[in-house]
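>>> here's my sequence, what's the structure:
(2 chains)
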Amino acid sequence: MPPFKSDVTPNTESIPPPSAGPDLLRFMTCGSVDDGKSTLIGRLLWDSKLVLDDQVATLETESKRVGTQHGDIDFALLVDGLQAERLQGITIDVAYRFFATEKRRFIVADTPGHEQYTRNMATGAATVDLAVMMIDARKGLLTQTMRHSYILSLLGVTHVVLAINKMDLVDYSGVQFDDIKTQYEAFSRSLGLHDVVAIPVSALKGDNILDRSVKTPWYHGPTLMGQLETVAIHQDLTTKPFRMPVQWVNRPHLDFRGFSGTIVSGRIRPGDHVVVPSSGQMNIVERIVTFDGELDSAAAGQAVTLTLQDEVDISRGELLSDPRVRPATADQFEAKLIWMHEEPLLPGRPYFIKMGFQTRTAQVSALKYKVNVNTLEHLATKTLELNDIGICNLSLDAPVSFDPYQENRRTGSFILIDRFTNETIAAGMIDFALRRADNIHWQSVTIHKAARAKLKGQMPFILWFTGLSGSGKSSIANLVEKKLHSQGRHTYLLDGDNVRHGLNRDLGFTDADRVENIRRVSETAKLMLDAGMIVLVSFISPFQSEREMARRMVEDEEFLEVFIDTPLEECERRDVKGLYKKARAGHIKNFTGIDSPYERPEGAEVIIHGADETPEQAALIIVQELNRRGLLSIN
Amino acid sequence: MSVSPSSHLQELEAESIYLFREVVAECERPVMLYSIGKDSSVLLHLARKAFFPSKLPFPLLHVDTTWKFSEMIEFRGKIIKDYDLDLLVHTNPNGLKQGVSPITHGSSLYTDVMKTEALKQALEKYGFDAAFGGARRDEEASRAKERMLSFRTATHHWDPKRQRPELWNIFNTRVRKGESLRAFPLSNWTELDVWEYIQQEAIPVVPLYFAKERPIVERDGMLVMVDDQRLPLFPNEQPEMRSVRFRTLGCYPLTGAIESTAATLPEIIQEMAHTRTSERQGRLIDRDAIGSMEKKKQEGYF
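The predicted structure follows:
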């Protein structure tokens, strides 16, 4: 490999790409319904002649019938007509509208603006380059303005057009306009929205939409359409350091190995150095291959296939990068999360994380606070619910490469996926890498599990009892332990109630606390297993995810799940501790089976029918199963 | 040569290629629905670009109702041969046995049996877990709501109220056994984009899109082309030669032509700039009832 120049300036050539016809701008509109959002979109569609004959006829009739404009055309009806889906109850979504002018094609993401639709606004904002923020000139800045601007800054939409609307209702007052503009700029600067252009408009009357209005002679800036047509977006990405995640390894035959992907940022030429950050391997781009021929240069936004000089194995997901400005590679980072699902976040629960083209397992290791989107206050919290925005630390099962989201939206973003339902449950934006794990190395020990187990003459394993309160778990676990003990086995029983008096006495019974409860017990059981013991765990452990987590901490043959399947009615009838009575009376909250769910195990090794078998019979069945599996033979 | 990333067609192209690659990288058995129309032509072209120099890593599937225009079937044969593609053709055998036709059974039942049912049969027969289709959001209101990567239950149902949020360009491709995905690489293209791209890339399309004198009968305001002997003519009907073309292609008895003299791509694009009606107005199947497309989609139609 040729010597590498460690020059620290990134490749920031500012030559604009040669223009080949109109380009594409994706934008969104924000502001509450009353601020004239529908009227504005209707006006843009109308003025760019995208309303078809049949729609015009309907619009004219409807305007006369229900319109608010005394017989004139009501543009809001046009958009609301297109939004017939809203009537069908599909309000919680993003709809896309298309229109075009000579200079640009536009895709408008139309999202509902209320607080309960934060996730929809965020979804829309994730793909747009610009936002038109509507403000009613009579009302000035509102809580909504603040919330929407915060979400824009969070998602990195830094180009904002502040459309100060309904200027016709404030007599086109330049003073009013300047006041609002100044207030907004002070506020938006603090959020890092660096490109704000304020325009006085009347969506209804068409002032400063397409044509400059004679009613605002004091205004010298662009019209709304002028700004949308000319705002420079694409240069932003081409001037950033080179990044291309490998999306697909292209191997048509043995003589060709290409790495296909879309360039996320920067430019690349044959001969340029690239690094694979996870391994630190350097390489040189040989060719840029496309269907239309080889290229002598390619830039952000282009889908290409690169071949490299050194024949190396690089897999999907690796982030090919400019070696002078490398991404971070870490297994822990701080990130902002927007929670998008009705099931709340449970810190400690493992989720799938998809970032770039890699899917790994991640858990929230610390939830620092959530943000009140209306006041930007930080609030302490133990969970995140639908539409909550929180700041947290995430811990992954393996290192990944990324940039902070504020530097690069594509390489700094991720989604969380539920491991059982496969639903997308959160959107994440990385703040920075945490390097804590690097400093806590595993102490390698010479006396290991096998050695300890041998001394005890037994095979260590975990016997995990799960079931409703009152199902008979503890009685059965006790009997099993007695039998094993009498056979000379070295055992320990971790019981839910007992552990909650000590190790876990700081935890309550919310879903989040239940997850943490099980995490600590699993870790404790694992330590005891490592000490060579047979560990019996008797916990309600209501969630499949956490039982699965406990199982995955140890080797396959070291974990047996025993499901004490006693019907709720039977447990409630027994009510040994009188807890069901209290729960039914509302004195205990979050009681499993009553107002907190119990997820039945799907792959338990042993199932005991608690209503049919006595504890003694059950214990015998379990010990027989252990014998059958050879777990009680002498080691 | 150097290609500029700035034109809107290149941006749309890159977005489509991205989705093709993502689904192929993550799904086990993808397939591309090929309906022979202009959108399928563009879709196929984009797929060839996405995986070049490799061959297409999936087969094409044509759900053949046996009522397609004969020129479409001819065109299909040529494309498959010229590009050396794997093509699967599926026709609903039950429908065929019962002689279900658009003429005797009405467009609604016919579409249900020969298109929706047939598509589900084919997807299950081959065990495809992802299917690419050429639907665009500008075509129809219910399509405007659909994701680029759309989740289907094990019974192929689409639930518009419970779609996975699509953030940035990170696609959640995870499905359980039996569930599947439909991928729409042309989601953000408009009809005009499709034509401009066909012109820019010189993509071959079925000649029926270009105006020519064709034998036509007029029924309920719809111009129906007499493509073969199966179309029964009423006593007073006499096919007359009229200069027409098609904006969309499907089964010939259900697809209305438009009167036009646009015989070249520039003329078509010129005509589109002045058109005042929507693309699917010539399709009988969309007119059956209000919201009919949304209903068909929920049941599994593309």
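>>> where does the chain dip in pLDDT?
You didn't say which chain, so I picked chain A. A:1-21, A:32-35, A:48-59, A:61-93, A:113-116, A:234-235, A:436-446, A:635 (pLDDT under 70).
>>> look at chain B instead
Looking at chain B by pLDDT under 70, you get B:1-6, B:140-142, B:276-302.
>>> what are the ranges of the helices in it?
B:8-26, B:38-51, B:70-83, B:93-97, B:106-111, B:118-126, B:141-144, B:191-201, B:265-274, B:292-299 (DSSP state H).
>>> and these as JSON lines, adding distance to residue B:183 and mean neighbour count?
C-beta: built from backbone N, CA, C; applies to glycine. Shown next, in JSON lines, are the helices of chain B (distance: least, CB to CB, whole Å; neighbours: other CB atoms under 10 Å in any protein chain shown):
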{"stretch": "helix B:8-26", "distance to residue B:183": "5", "mean neighbour count": "23"}
{"stretch": "helix B:38-51", "distance to residue B:183": "10", "mean neighbour count": "23"}
{"stretch": "helix B:70-83", "distance to residue B:183": "20", "mean neighbour count": "15"}
{"stretch": "helix B:93-97", "distance to residue B:183": "26", "mean neighbour count": "14"}
{"stretch": "helix B:106-111", "distance to residue B:183": "22", "mean neighbour count": "18"}
{"stretch": "helix B:118-126", "distance to residue B:183": "13", "mean neighbour count": "18"}
{"stretch": "helix B:141-144", "distance to residue B:183": "14", "mean neighbour count": "19"}
{"stretch": "helix B:191-201", "distance to residue B:183": "17", "mean neighbour count": "19"}
{"stretch": "helix B:265-274", "distance to residue B:183": "26", "mean neighbour count": "14"}
{"stretch": "helix B:292-299", "distance to residue B:183": "15", "mean neighbour count": "18"}
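>>> for the ones you listed, give me a markdown table that also has distance to chain A.
Below are these laid out as a markdown table (distance: least, CB to the nearest CB, whole Å):
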| stretch | distance to chain A |
| --- | --- |
| helix B:8-26 | 4 |
| helix B:38-51 | 4 |
| helix B:70-83 | 12 |
| helix B:93-97 | 31 |
| helix B:106-111 | 21 |
| helix B:118-126 | 19 |
| helix B:141-144 | 5 |
| helix B:191-201 | 7 |
| helix B:265-274 | 9 |
| helix B:292-299 | 8 |
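>>> in what helix or strand does residue A:236 lie?
Taking DSSP states H and E as the criterion, residue A:236 maps to helix A:235-238.
>>> residue A:196 is in contact with residue A:184, isn't it?
Yes. At 6.9 Å, residue A:196 and residue A:184 qualify as touching, with contact defined as CB atoms under 8 Å.
>>> for residue B:220, find the nearest of the helices of chain B.
For the helices of chain B, proximity to residue B:220 was assessed by CB to CB; helix B:106-111 is nearest, at 11.8 Å.
>>> can you show me the CA trace of that closest one as CSV?
The C-alpha coordinates for helix B:106-111 follow below in CSV (Å, rounded to 0.1, in the frame of the first residue of the first chain):
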residue,chain,number,x,y,z
GLY,B,106,-68.0,-8.2,-14.1
SER,B,107,-64.8,-6.4,-13.3
SER,B,108,-65.0,-6.7,-9.6
LEU,B,109,-65.3,-10.5,-9.2
TYR,B,110,-62.9,-11.0,-12.2
THR,B,111,-60.2,-8.8,-10.6
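>>> report the beta-bridge partners for residue A:432.
residue A:334 (DSSP bridges).
>>> neighbours of it, just the number please.
By the criterion of other CB atoms under 10 Å in any protein chain shown, residue A:432 has 16 neighbours.
>>> again, but for residue A:117
If we define neighbours as other CB under 10 Å, then residue A:117 has 18 of them.
>>> repeat for residue A:138
Neighbours around residue A:138, by other CB under 10 Å: 11.
>>> likewise residue A:248?
Neighbour tally, residue A:248, other CB under 10 Å: 22.
>>> what's the answer for the one 3 residues further on, then?
A count of neighbours around residue A:251, defined by other CB under 10 Å, yields 12.
>>> likewise for residue A:513?
Neighbours of residue A:513 using other CB under 10 Å come to 19.
>>> same thing with residue A:575?
15.
>>> give me every residue that touches the closest residue to residue A:297 other than its chain neighbours.
Distance criterion CB to CB, 6 or more residues apart in numbering or on different chains; nearest residue to residue A:297, sequence neighbours excluded, is residue A:269 at 4.8 Å. Residue A:269 makes contacts with A:285, A:288, A:296, A:297, as judged by CB atoms under 8 Å, 6 or more residues apart in numbering or on different chains.
>>> quick one on the thing from earlier: got TSV for the helices of chain B, with distance to residue A:552 too?
Shown next, in TSV, are these (distance: least, CB to CB, whole Å):
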stretch	distance to residue A:552
helix B:8-26	23
helix B:38-51	36
helix B:70-83	46
helix B:93-97	46
helix B:106-111	48
helix B:118-126	33
helix B:141-144	41
helix B:191-201	48
helix B:265-274	57
helix B:292-299	38
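>>> and of these, who's closest to residue A:616?
The nearest among those, by CB to CB, is helix B:118-126 at 50.3 Å.
>>> could you list every helix and strand in contact with the closest one?
strand B:30-33, strand B:60-63, strand B:87-90 (3 or more CB pairs under 8 Å, 6 or more residues apart in numbering or on different chains; DSSP states H and E).
>>> just the CA atoms of it, as PDB, please.
Extracted in PDB, the C-alpha atoms of helix B:118-126 (Å, rounded to 0.1, in the frame of the first residue of the first chain):
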ATOM      1  CA  ALA B 118     -53.900 -15.400  -8.400                       C
ATOM      2  CA  LEU B 119     -51.200 -13.200  -6.900                       C
ATOM      3  CA  LYS B 120     -51.600 -14.700  -3.400                       C
ATOM      4  CA  GLN B 121     -51.500 -18.200  -4.900                       C
ATOM      5  CA  ALA B 122     -48.300 -17.400  -6.700                       C
ATOM      6  CA  LEU B 123     -46.600 -15.800  -3.700                       C
ATOM      7  CA  GLU B 124     -47.500 -18.800  -1.600                       C
ATOM      8  CA  LYS B 125     -46.600 -21.400  -4.200                       C
ATOM      9  CA  TYR B 126     -43.000 -20.100  -4.400                       C
END
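>>> ok, residues contacting it?
Against helix B:118-126 from outside (CB under 8 Å, 6+ apart): B:29, B:31, B:33, B:61, B:63, B:65, B:88, B:90-92, B:95, B:131, B:156, B:180, B:300-302.
>>> quick check, residue A:163 in contact with residue A:132.
Yes. The criterion here is CB under 8 Å, and residue A:163 meets it with residue A:132 at 5.3 Å.
>>> spell out which residues are contacts of both of these two.
Common neighbours of residue A:163 and residue A:132 (CB under 8 Å, 6+ apart) are A:40, A:224.
>>> count the residues that sit near residue A:181.
18.
>>> roughly how far apart are it and residue A:168?
18 Å (CB to CB, to the nearest Å).
>>> next: residue A:187.
Per CB to CB, residue A:187 is found 25 Å from residue A:168.
>>> what residues of the helix holding residue A:236 count as buried?
A:237, A:238 (16 or more other CB atoms under 10 Å in any protein chain shown).
>>> do the same with stretch A:521-541
A:521-522, A:524-526, A:528-529, A:532-541.
>>> next one: stretch A:369-380
Quick answer for stretch A:369-380 (16+ other CB under 10 Å): A:370, A:371, A:373.
>>> make TSV out of those residues and add distance to chain B and secondary structure.
Formatted as TSV, these follow (distance: CB to the nearest CB, whole Å; DSSP: H, G, I helix; E, B strand; the rest coil):
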residue	distance to chain B	secondary structure
A:370	19	strand
A:371	18	strand
A:373	17	coil
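>>> which residues are in contact with residue A:341?
Counting by CB under 8 Å, 6+ apart, residue A:341 has contacts A:386, A:418, A:423, A:424, A:425, A:426.
>>> would you mind measuring from it to residue A:426?
With CB to CB as the criterion, residue A:341 and residue A:426 are 7 Å apart.
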